[in-house]
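Undergrad: Fold the following for me, if possible:
(chains A and B)
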Amino acid sequence: MDFNDTPEEAAFRARARAFLSANAEPKAGTRPVLRLGGMDAAMVAKCKDWQARKADAGFAGITWPKRWGGQELSPILQVIYAQEEENYAVPRGLFEIGLGMCIPTMMAYATPAQLERYVTPALRGQEVWCQLFSEPAGGSDLAALRTRAEKDGDDWIINGQKIWTSGAHLSDFGIIVVRTDPNVPKHEGLTFFFLDMKSPGIEIRPIHQMSGTSHFNEVFFTDVRVPDAQRLGPVGAGWRVSITTLMNERLAVGEVARPDVDDLVALSRSVMVDGQPAIRSSAVREKIADWYARSQGLKFTRFRTMTAMSRGQTPGPENSIAKLVNASKLQDIASFGLDLMGNAGLVVDDDLTEAYGMFQSALLSSPSARIAGGSDEILRNIIAERVLGLPADIRADKGMPFNKVPTGKR
Amino acid sequence: MNFDFSDDLKQLRDQARRFLSEQCTPAVVRRSLDGQETFAAPLWQAMAEMGWIGATIPEEYGGAGLGYEGLCVLAEELGRVVAPVPFASTAYLAAEAILLAGSEAQKQSWLPRFAEGTAIGCLALSEGTGNPDPDAIRARVAGGRLTGAKWPVADGSIADVAVVVARDETNGVGLYVVDLAGVERRELKTLDPSRDHARLAFEGVAAERLGGADGWATVQRLMDRAAILFAFEQVGGADAALQMARDYALERYAFGRPIGSFQAIKHKLADMYVALELARSNAYYGAWALATDAAELPIAAATARVSATDAFHLASKENIQTHGGIGFTWAVDCHLLYRRSKQLALNLGGAPYWKNRLVDLLETRNAA
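TA: I've put the predicted structure just below:
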């Protein structure tokens, strides 16, 4: 065992470090960037500028083909870049979905001419993409979606509603899965498209979250025309295409949200409990030890994944554990940190409260972390079925035409 | 990045797994559990012949030179089968103490015997209730004679030699090598009868100093290193419990379907898997620290220990739960893992002890 990079990896890491130190501020010592707020125009501009600089320096599309501006390097180098970028306060949050999920799906199903048109602008941060999957009636049960598309000459006409669409209001294009045949079982009647988010008939409304911010949107479709040429995969194969998109989600390297255990250690040293720093209390120490062990366990699980990638293997569903562990840990650390602050823990004022208010922010944002991108329950199902090989759930709607499937009031 | 065992060590793991699945079946474990024998002597002898006991003993003292990563691999496999042998006491504790602090003569006289399986060692630290604490040591050596009582001592009634923690004439804490021939011992009934435990009463027994004046620092170093190996045994045990629960969930039907198709069971098993993977990754880091004698070893050891204790506890109790009524019978093997989980958790200081130590180390590191 060793933690050393191969010579190729070490050279790439050094190059990434040189680029980052010349172009960005180290994160250490800066205030945590709380990306809870909806992104304003200034932040969008910063994200676009940063993406263009990354592309110029050869750190965008690290694994993508050279003909579309990529670098054609191995996935491990992508992870190494992400590890290095993690140490810098760079503008994030606008391109992760487009570059991580939408464009990889395009690469698997779009025509060469379409790729010629769309990949490079996305990679350079000139065009933003979103993913239109979830619906009011199809969240964890994604294939229960109801937005329908009907053929009209060379076009399809889309009517319905999507929800939980991150960044829809900032996006130029989107990928969407819709129902084209309600008379067959639910997975068989879906078809996949990409579309222009400025098309007539699209209305975007932000969702006001309990944290007070609006990261997600509802997107309404009224007679929205999409050319058949923008279909990805065969008619009725939308589920299979969706799986391609979701598989790419696993490869994304998630940023560890704050406050994490180090923030709790710092807080426990400054806050007094029973006349001494909270960290002297055995109740506090026990919690710190448990969360530290979990954080480290995830860190070294990533190292094991990197080792596999370094040998050319593809990470499997075992990576589902990271989000499952992190989201709950975030919620629990936030709540526990506030408990240590006593009454003042209630105050939401970044300048007045401990740790720049990050514990308060996390209390209200962490519930969404346990749901978005696969709920805790769905992740446990994935582990149970795909890692441990337990049987799939017995479904009441199996084999039933979609339009005969019972529905509830919500 | 190469955060995995080498192909050679994976081969060692596969060989060990095959061998133990044949030679250390539940029937073998049950002979110790039922009191028919104190440990599996033929298995122990075979382990010696394969070079396992002397895995980290240098070849000049008759060891096999498999290295610490090799010892970690073996620990996981022995944990998986709840092996009723004094491996931890002999290899991680007694041999390791003599390797760390022993004189040339002490190494010559004990290490070859450990390696060839003709002597069993143990660590006599505890003196009744409480976690490891230098202030709690009452046993005393004066004029080369040891007086005091130690209990519980894992493998104490089958050991030939003990490394004893006792006070010296200046009231400092030291380690002593004590030949147990003629020492009064009482076998103790414990929660896990598949491992021997005893109370040792020393009444003026000859004791030979092992190492220098910094006795407790050596004890701590010894425990840190052993904690990583215990963590591998715990990971092996947790993996066995998860596999057992999974197999049962696939075979057992209720309400016309395998119980493994119910989310109540699936989610329970997913949680066991998550705890196990975290523990395994932390144990791997410990293996790296042990093999390279890294400065991070104490933190790596405490982290691995906390994580693995949690994972084995969860997996062994939820394995019983997944089995339902049959799970708490004597006849089904769930309780072997459940008992061993507690034995491994308590033998080297319980979870509160290691959590406290981990935070101590984090505080020191952050202050530096």
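
Undergrad: roughly how far apart are the residue of the stretch 151-300 of chain A at minimum distance from chain B and A:D262?
TA: In the stretch 151-300 of chain A, no residue comes nearer to chain B than A:G297, which is 2.9 Å away by Cβ to the nearest Cβ. Backbone N, C-alpha and C define where each C-beta goes, glycine included. Using Cβ to Cβ, to the nearest Å, A:G297 is found at 15 Å from A:D262.

Undergrad: neighbour count winner among the two?
TA: Set A:G297 next to A:D262 and count neighbours by other Cβ atoms under 10 Å in any protein chain shown: A:G297 wins out with 30 against 16.

Undergrad: Which helix or which strand is home to the nearest residue to the more buried one once chain neighbours are set aside?
TA: The spatial neighbour of A:G297 that comes closest, neighbours along the chain excluded (Cβ to Cβ, 6 or more residues apart in numbering or on different chains), is B:L278 at 2.9 Å. Secondary structure from DSSP states H and E places B:L278 in helix B:263-292.

Undergrad: Show me which positions of that helix end up buried.
TA: Across helix B:263-292, burial judged by 16 or more other Cβ atoms under 10 Å in any protein chain shown covers B:265-291.

Undergrad: before we move on, back to that, now do the same contact list for the residue nearest to A:G297.
TA: With contacts defined as Cβ atoms under 8 Å, 6 or more residues apart in numbering or on different chains, the neighbours of B:L278 are A:A293, A:R294, A:G297, A:L298, A:T301, A:I321, A:V325, B:S307, B:A311.

Undergrad: The same query, at a cut-off of 7 Å, please.
TA: Shown in contact with B:L278 (Cβ atoms under 7 Å, 6 or more residues apart in numbering or on different chains): A:R294, A:G297, A:L298, A:T301, B:S307.

Undergrad: Of the residues you listed, which is the nearest to A:A108?
TA: A:T301 (27.5 Å; Cβ to Cβ).

Undergrad: So the closest one lies in a helix, does it not?
TA: Yes: counting by DSSP: H, G, I helix; E, B strand; the rest coil, one finds A:T301 located in a helix.

Undergrad: Look at it and say how many residues are nearby.
TA: 23.

Undergrad: Quick check, it in contact with B:S281.
TA: Yes: counting by Cβ atoms under 7 Å, B:S281 is a contact partner of A:T301 at 4.3 Å.

Undergrad: what does the helix or strand containing A:F193 contact?
TA: Using DSSP H and E, A:F193 sits in strand A:190-196. By Cβ under 7 Å, 6+ apart, the list of residues contacting strand A:190-196 from outside reads A:106, A:143, A:149, A:156, A:173-180, A:226, A:230-233, A:235-236, A:238-239, A:241-242.

Undergrad: Likewise for stretch B:317-330?
TA: Here stretch B:317-330 makes contact (Cβ under 7 Å, 6+ apart) with B:A241, B:M244, B:A245, B:Y248, B:A249, B:I265, B:K268, B:M272, B:V332, B:C334, B:L337, B:Y338.

Undergrad: With pLDDT as extra columns, can I get these in a markdown table?
TA: Shown next, in a markdown table, are the contacts of stretch B:317-330 (pLDDT from 0 to 100):
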| residue | pLDDT |
| --- | --- |
| B:A241 | 98 |
| B:M244 | 98 |
| B:A245 | 98 |
| B:Y248 | 98 |
| B:A249 | 98 |
| B:I265 | 98 |
| B:K268 | 98 |
| B:M272 | 98 |
| B:V332 | 98 |
| B:C334 | 98 |
| B:L337 | 98 |
| B:Y338 | 98 |
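
Undergrad: Filtering these by proximity to chain A, which remain?
TA: With the criterion set as Cβ under 7 Å from any Cβ of the partner chain, the members of the contacts of stretch B:317-330 near chain A are B:A249.

Undergrad: By neighbour count, which of the contacts of stretch B:317-330 wins?
TA: B:A241 (31 neighbours).

Undergrad: Could you identify the longest strand within chain A?
TA: In chain A, assigned by DSSP state E, the strand with the most residues is strand A:217-227.

Undergrad: Would you mark the buried spots in that one?
TA: Buried residues in strand A:217-227 (16+ other Cβ under 10 Å): A:N217, A:E218, A:V219, A:F220, A:F221, A:V224, A:R225, A:V226.

Undergrad: Number of residues surrounding B:L123?
TA: Using other Cβ under 10 Å, the number of residues around B:L123 comes to 30.

Undergrad: Spatially, what comes nearest to it if we skip its sequence neighbours?
TA: Here the residue nearest B:L123, using Cβ to Cβ, 6+ apart, is B:L93, at 4.0 Å.
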